[in-house]
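S.K.: Turn this into a model:
(chains A and B)
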2 protein chains.
Amino acid sequence: MEIKIMKNILDRNQNKANEVREILRGKKVLMVNIISSPGAGKTTLLERTCEKLGKKYAIAVIEGDITTDRDAQRLKKYNIPIVVINTEGGCHLDSHSISKVLGEFDLENTDILFVENVGNLICPSQFDLGEEFKIAVVSTTEGDDKPGKYPMLFREAQAVLLNKTDLIPYTNFNFDNFKTDLDRINSRIPLFKMSCTKGDGMEEWFDWIEERMKNFRT
Amino acid sequence: MEIKIMKNILDRNQNKANEVREILRGKKVLMVNIISSPGAGKTTLLERTCEKLGKKYAIAVIEGDITTDRDAQRLKKYNIPIVVINTEGGCHLDSHSISKVLGEFDLENTDILFVENVGNLICPSQFDLGEEFKIAVVSTTEGDDKPGKYPMLFREAQAVLLNKTDLIPYTNFNFDNFKTDLDRINSRIPLFKMSCTKGDGMEEWFDWIEERMKNFRT
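M.R.: Okay, here's the model as predicted:
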């Protein structure tokens, strides 16, 4: 019975996600759904990305949080449109909540809409929000076994951002183990190594998102 | 409608959890439900705890994992009874899955049954497994804002273990911010600072769990 209920929830989510995607494609807005464990660095990634690409592209953000607007507060300094969705205990965003807030944005004048999902390596990967693609952020301090132990997101995502590379010397993170697992799950996925707090290794990510933006518009 | 479904799921879970708790109390087995984000250090905590308390107490472990038995493999060296529950995509353990595996243990000769839940700071906190209490493990590398942003677990748990204190010098973790949030949510909860990989600061945790064990048995 629970499987049937879950199927209904996912079906209804999928229908609304398709509607959202159609609206955003009509307005040429690239929506990117950012997923990670709590504290892997999603907000810091957005900070660096706003600094680098904020002049070239009109960036907007949806912040998914259980409670509080702390991540949104961190992004206020970039003077970009931000809408907070508090899930009030819910462990992921869904397409209905995205659909309800789309009207808050000036979509005609938006290039990229980043969605920072709730910090959770599991549930958000099952829900299509109407995004063009998902990206997975994973930090070295979580250990090198995350793709192996939590494979769903690494199958769903179109890029993996390995963050906090500056902390590798102080941990037992083994890059070869990480890569071996990831290759087994999704061998063709682009992998970007970076430290968002230090600003190291971010150029490949910026180039990739710009390339995706160009392909999306043509 | 979804709220009603969730209520039914939680009610059924609660009934079974009460059954499990009654069985374990009858056998004087202390069950502890360990919850954290992915990679916060639950398995390493169990390694250190087996090393310290494994001679004094008969420890057994239930490993909750989406897929793989990697955490169980890490604990094999302690020659303790371990049962793996693979949730096959599920984001938390529930009391029904615990109930089904209890028969695998020799409960007459078990003192402490640790449950390592699926790595997820949100969903597991809603599900009573029949444990005596939950503990929250949170690592400094996740940032100091976790109690504020994910309050449910910090309300539910009976102790907070702040792990990876050895990495504080390399991060922007601010202990005062962390403590202020935690005090607001659950001012009386015991807080233990430690580094499970280095073995630092673990004595307070060992003492506390021994004290709980004594109180449970009398």
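S.K.: Could you check the angle the lengthiest helix in chain A makes with helix B:2-26?
M.R.: Scanning chain A for the longest helix, with DSSP state H as the assignment, gives helix A:2-26. Interaxial angle, helix A:2-26 versus helix B:2-26 (axes from the mean of the first three to the mean of the last three Cα atoms, to 10 degrees): 140 degrees.
S.K.: got the buried residues for helix A:2-26?
M.R.: A:13, A:16-17, A:20-21, A:24 (16 or more other Cβ atoms under 10 Å in any protein chain shown). For every residue, glycine as well, the C-beta is placed using N, CA and C.
S.K.: And those, which is closest to chain B?
M.R.: The shortest approach to chain B among the buried residues of helix A:2-26 belongs to A:Asn13, at 11.3 Å (Cβ to the nearest Cβ).
S.K.: related to what we said a few turns ago, quick check: the two most widely separated of the buried residues of helix A:2-26?
M.R.: For these, the maximum inter-member distance is 16.1 Å, found between A:Asn13 and A:Leu24 (Cβ to Cβ).
S.K.: Number of residues surrounding A:Ser36?
M.R.: A:Ser36 has 28 neighbouring residues, counting by other Cβ atoms under 10 Å in any protein chain shown.
S.K.: Could you measure from it over to B:Phe206?
M.R.: Separation of A:Ser36 from B:Phe206 (Cβ to Cβ, to the nearest Å) stands at 32 Å.
S.K.: Repeat that for A:Phe192.
M.R.: Applying Cβ to Cβ to A:Phe192 and B:Phe206 gives a distance of 41 Å.
S.K.: cool, A:Lys28 as well?
M.R.: When distances are taken as Cβ to Cβ, A:Lys28 and B:Phe206 turn out to be 59 Å apart.
S.K.: for A:Ser139, same thing?
M.R.: According to Cβ to Cβ, A:Ser139 and B:Phe206 sit 29 Å apart.
S.K.: what about the residue lying closest to A:Ala40 once chain neighbours are set aside, how many neighbours?
M.R.: Closest residue to A:Ala40 apart from its sequence neighbours, by Cβ to Cβ, 6 or more residues apart in numbering or on different chains: A:Ser139 at 4.3 Å. Residues lying near A:Ser139 (other Cβ under 10 Å) number 26.
S.K.: same deal with the one 4 residues further on?
M.R.: Here the neighbour count serves as a burial measure; for A:Gly143 (other Cβ under 10 Å) it reads 24.
S.K.: wouldn't it be in contact with A:Phe175 here?
M.R.: No: using Cβ atoms under 8 Å, A:Gly143 makes no contact with A:Phe175, being 11.9 Å away.
S.K.: Wait, A:Phe127 touches A:Gly90, no?
M.R.: No: contact criterion Cβ under 8 Å: A:Phe127 and A:Gly90 do not qualify, at 10.5 Å.
S.K.: Looking at these two, which has the bigger crowd around it?
M.R.: Each of A:Phe127 and A:Gly90 has its neighbours counted (other Cβ under 10 Å); A:Phe127 has more, 25 against 17.
S.K.: Need the three-state assignment for the spatially most central residue of chain A.
M.R.: In chain A, the residue lying closest to the centroid (Cα atoms, centre = their mean) is A:Ile34, at 0.5 Å. Following DSSP: H, G, I helix; E, B strand; the rest coil, the label given to A:Ile34 is strand.
S.K.: And for the nearest residue to A:Gln14 once chain neighbours are set aside, the neighbour number?
M.R.: Nearest non-adjacent residue to A:Gln14, counting by Cβ to Cβ, 6+ apart: A:Asp128, 5.8 Å away. Look at A:Asp128: counted by other Cβ under 10 Å, it has 21 neighbours.
S.K.: now A:Gly199
M.R.: Other residues within reach of A:Gly199, judged by other Cβ under 10 Å, total 15.
S.K.: Mind jotting down where the strands sit in chain A?
M.R.: For chain A, the strands defined by DSSP state E cover A:30-35, A:59-65, A:82-86, A:112-116, A:133-139, A:160-163, A:191-193.
S.K.: near chain B, which residues of chain A?
M.R.: By Cβ under 8 Å from any Cβ of the partner chain, the residues of chain A that approach chain B are A:2, A:5, A:9, A:37-40, A:65-68, A:70, A:89, A:91, A:118-123, A:126, A:139, A:141-143, A:145-146, A:148-152, A:164, A:166-167, A:170-172, A:197.
S.K.: Which members of the residues you listed are positioned in helices?
M.R.: A:2, A:5, A:9, A:70, A:146, A:148-149, A:151-152.
S.K.: How much space separates the closest residue to A:Arg21 other than its chain neighbours from A:Asn186?
M.R.: Nearest non-adjacent residue to A:Arg21, counting by Cβ to Cβ, 6+ apart: A:Gly130, 4.3 Å away. For A:Gly130, the distance to A:Asn186 (Cβ to Cβ) stands at 22 Å.
S.K.: the more surrounded of these two?
M.R.: Neighbour totals were compared for A:Gly130 and A:Asn186, and A:Gly130 leads with 24 against 19 (other Cβ under 10 Å).
S.K.: For the more buried one, give its distance to A:Leu45.
M.R.: Noted for A:Gly130: a distance of 21 Å to A:Leu45, by Cβ to Cβ.
S.K.: Next: A:Lys4.
M.R.: Counting by Cβ to Cβ, the gap from A:Lys4 to A:Leu45 is 37 Å.
S.K.: Ok, A:Asn120 next?
M.R.: Counting by Cβ to Cβ - A:Asn120 and A:Leu45 are separated by 16 Å.
S.K.: what do you get for A:Ile59?
M.R.: Here A:Ile59 is placed at a distance of 12 Å from A:Leu45 (Cβ to Cβ).
S.K.: Low-confidence regions, chain A specifically.
M.R.: Residues of chain A meeting the criterion pLDDT under 70: A:1-2.
S.K.: now do 80
M.R.: Scanning chain A for pLDDT under 80 picks out A:1-5.
S.K.: Quick check: A:Glu131 touching A:Glu116?
M.R.: No: judged on Cβ under 8 Å, A:Glu131 makes no contact with A:Glu116 at a distance of 11.9 Å.
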